[in-house]
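Colleague: sequence? don't have it. structure:
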C-alpha cells in the first residue's frame, strides 16, 4: 500500500508540474497583450502609491484592506511599479494557490484527487481569468488556503497568522477564522483542549491584525468618539458593499442557486462536489472537517448577501475542486466493484461529463483571452495620459487616472450628491475630472440625473474646461482650477 501511495504521489507531482507549466504557458499569452487596468485595480495601485509617498501621490479609500496596496506600493517605491510587474505578482500568487490546493489534497485526500484538483482549479475560467487581475481575490485565497492547510497539520499559530494575512488582503476571509474555530470545536473531543486551541488561534490572529487596528484608530478617530468604531472603520464601511444592489439577483431561487449555477458554468463536473462532500462526511479527521466548514461558511455567506458576483466563487473554489476531485478518485474504486457489464457504461458516462466540462472551460478561457486588447486603447493616450506633470492635486470621479500618474488624486465618486459636496468644500486642487458615465443613475435613485447636472454646472462655473473628450462611448471633462 505504501509503495502504491508513493508511486501515485510521484505521478501526482508530475501532473502538478505539468499543470503549472501549461498554466504559465497560457498566461504568457496574456502577458504579451495589453492589460487595461480597471476601477478596482487602479484603486489598489493608487493606495500603494499613497502609503509609500506619505499621502503625496495616489489616492486613498478607507473601505479597502491594506495588504495588496502595501505590496503594490513597495514595487512602485522600488521603481518597478509597472502593470506588467503587478500582473506577474498576481500570477505568482495564482501558482501558489494551485500548489497549496495540491498539497492539501495530497496529504489529506489522495494523490489522485490532488492532481485532478490542481488541473480543475488552474483552468477553471473564473480562476484562470482572475489570476491576471491586480485584485485581492487570488492573493487573499493563497493565504486562506495556507491557513486551512496548516490547521489540518495542527499548526494552530501558523494557521492563525495566514488567516490574518488573508483578512488583511480581503475582509470576507474572516470566514477562514470562523471555519477553523468551528473545526476545532467539532474535531476535539476534550473541551479543555478545544478551548485552549481556540484561544491560541484567536490570540495569534488578534496580535497579527492589531497593528492594522491601531493604525485605523489614529487615522479615523476624528470621525467618531468611539475607539472601537475608529479601529474597525474599514471593516464597517467594507461591510456595506455586501448589500450593493447593483449586483443583486431577483428571485428567491435565483439567489439560492446563484453559486451552484456559477459552479456549473465553470465546469459541469465540479457539481460532483456535492457527493464528494457526502463521501467526506464518513471521515472525522480535522482536515476533512475544516474543508467542509470552509465550504459551508463561504457558500452560506455569499448566498445570503445581496451582492452576487461570479468572481466571488474564487474565494471557495479550492474546496469545490478538492471535493469534486475526491469524488472522482473514489469513483474509480467504486467502478472496480461493479460488474464488467456496468464498468464500461459507467466509465463512459464519467469520461463524457469530464471531457464536456473541460472543453467548455477551456473554450471560455480562450474566449476571455480574445477580448484582451493587443495594444493600449485610445482612452489611454487621449485621456488617462493627460497628467504628465507631477506634484498635482486632482479631484476625480474616475480612479483609473491613479494608475497612469503619480499625482495625488482626491476621490469624489461615492455618489453624485457626495461628489457635489466634496467639490463644493474643496479649496486646494489643480484639476478636477468629471465623467458622468461613472454614475449610473439606476444605482443612485431618482435625483441622480439632477445631481449630476448640478455637479457639472458647479464645475463649469468655477473652473476652466481644458479637455472635453468622448472615447469608446464615455465622456470625460477635465477642468483646471487655474
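Modeller: Cool, the structure landed. Every value quoted in this text rests on a predicted model; they were computed, and no experiment measured them.

Colleague: Now do the contacts for residue 80.
Modeller: Contacts for residue 80 (Cβ atoms under 8 Å, 6 or more residues apart in numbering) come out as none. Where you see a C-beta, it was placed from the backbone N, CA and C, and this is true even at glycine.

Colleague: hmm, I was thinking of residue 106
Modeller: 9, 12, 114.

Colleague: so the first one sits right up against residue 111, yeah?
Modeller: Yes: here residue 9 lies in contact with residue 111, judged by Cβ atoms under 8 Å, at a distance of 4.4 Å.

Colleague: so where's the stretch 251-400 of the chain uncertain?
Modeller: 334-343, 346 (pLDDT under 70).

Colleague: residue boundaries of the strands in it?
Modeller: 393-396 (DSSP state E, counting those that start in this stretch).

Colleague: so of the contacts of residue 106, which ones are in helices?
Modeller: 9, 12, 114 (DSSP state H).

Colleague: Kindly reformat those residues as TSV containing pLDDT.
Modeller: Compiled in TSV, the ones in helices among the contacts of residue 106 are given as follows (pLDDT from 0 to 100):
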residue	pLDDT
9	70
12	77
114	91
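
Colleague: domains of the protein?
Modeller: Domain ranges of the chain: 34-61+378-482, 82-371, per automatic domain parsing.

Colleague: So for residue 22, which of the ones you listed sits nearest?
Modeller: domain 82-371 (7.5 Å; Cβ to Cβ).

Colleague: and residue 428, backbone torsions?
Modeller: phi -120, psi 110 (degrees, to the nearest 10).

Colleague: What does the pLDDT read for it?
Modeller: With respect to pLDDT, residue 428 has a value of 86.

Colleague: close enough to count as contact, it and residue 393?
Modeller: Yes: using Cβ under 8 Å, residue 428 is in contact with residue 393, at 6.4 Å.

Colleague: between those two, who's got more neighbours?
Modeller: Taking other Cβ atoms under 10 Å, residue 428 and residue 393 do not tie; residue 393 has more neighbours (16 against 7).

Colleague: So what sits opposite the more buried one in the bridge?
Modeller: residue 408 (DSSP bridges).

Colleague: can you pull the contacts of it?
Modeller: 407, 408, 410, 428, 429, 430, 431 are the contacts of residue 393 under Cβ under 8 Å, 6+ apart.

Colleague: so where does residue 132 fall, helix or strand?
Modeller: Per DSSP states H and E, residue 132 falls between elements, in no helix or strand.

Colleague: still on that earlier bit, so which of the contacts of residue 106 wins on neighbours?
Modeller: residue 114 (27 neighbours).

Colleague: which one of the ones in helices among the contacts of residue 106 is nearest residue 42?
Modeller: Taking these together and measuring to residue 42 by Cβ to Cβ, the closest member is residue 114, at 36.9 Å.

Colleague: any low-confidence regions in the stretch 1-150 of the chain?
Modeller: 1-8.

Colleague: Mind doing that once more with 90?
Modeller: 1-15, 26, 29-33, 38-39, 81, 108-113, 125, 130 (pLDDT under 90).

Colleague: just the helices in it please.
Modeller: Listed in chain order, the helices of the stretch 1-150 of the chain (DSSP state H, counting those that start in this stretch) span 2-31, 39-52, 67-77, 83-108, 111-123, 125-130, 137-152.

Colleague: nearest to residue 327, of the ones you listed?
Modeller: Short answer: helix 111-123, nearest of these by Cβ to Cβ, at 8.5 Å.

Colleague: chain center to that closest one, what's the gap?
Modeller: 20 Å (Cα atoms, centre = their mean, to the nearest Å).

Colleague: likewise stretch 120-140?
Modeller: The answer for stretch 120-140 is 8 Å, by Cα atoms, centre = their mean.

Colleague: That stretch: end-to-end distance?
Modeller: 19 Å (Cα to Cα, to the nearest Å).

Colleague: Now do the buried residues in the longest helix belonging to the chain.
Modeller: Longest helix in the chain by number of residues (criterion: DSSP H): helix 340-371. Across helix 340-371, burial judged by 16 or more other Cβ atoms under 10 Å covers 350, 353, 354, 357, 358, 360, 361, 364, 365, 368, 369.

Colleague: still on that earlier bit, with distance to residue 26 as extra columns, can I get the domains of the chain in a markdown table?
Modeller: Formatted as a markdown table, these follow (distance: least, Cβ to Cβ, whole Å):
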| stretch | distance to residue 26 |
| --- | --- |
| domain 34-61+378-482 | 15 |
| domain 82-371 | 7 |
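
Colleague: So for residue 20, which of those sits nearest?
Modeller: Proximity to residue 20 (Cβ to Cβ) singles out domain 82-371 among the domains of the chain, at 6.0 Å.

Colleague: Distance check, the residue sitting nearest the centre point of the chain against residue 128.
Modeller: In the chain, the centroid-proximal residue (Cα atoms, centre = their mean) is residue 137; its distance is 1.3 Å. Per Cβ to Cβ, to the nearest Å, residue 137 is found 12 Å from residue 128.

Colleague: What of residue 51?
Modeller: 30 Å.

Colleague: Could you check which of those two is surrounded by more residues?
Modeller: The neighbour comparison of residue 51 against residue 128 (other Cβ under 10 Å) goes to residue 128, with 23 against 20.

Colleague: For the more buried one, which non-adjacent residue is spatially closest?
Modeller: Among residues not flanking residue 128 along the chain, residue 365 sits closest, at 5.0 Å (Cβ to Cβ, 6 or more residues apart in numbering).

Colleague: ok now do the one you found, which residues does it touch?
Modeller: Contacts of residue 365 by Cβ under 8 Å, 6+ apart are 26, 123, 125, 128, 129.

Colleague: How many residues are close by residue 226?
Modeller: Residue 226: 11 neighbours (other Cβ under 10 Å).

Colleague: how about stretch 278-292: buried residues?
Modeller: Per 16+ other Cβ under 10 Å, stretch 278-292 contains these buried residues: 279, 280, 286, 287, 288, 289, 290, 291, 292.
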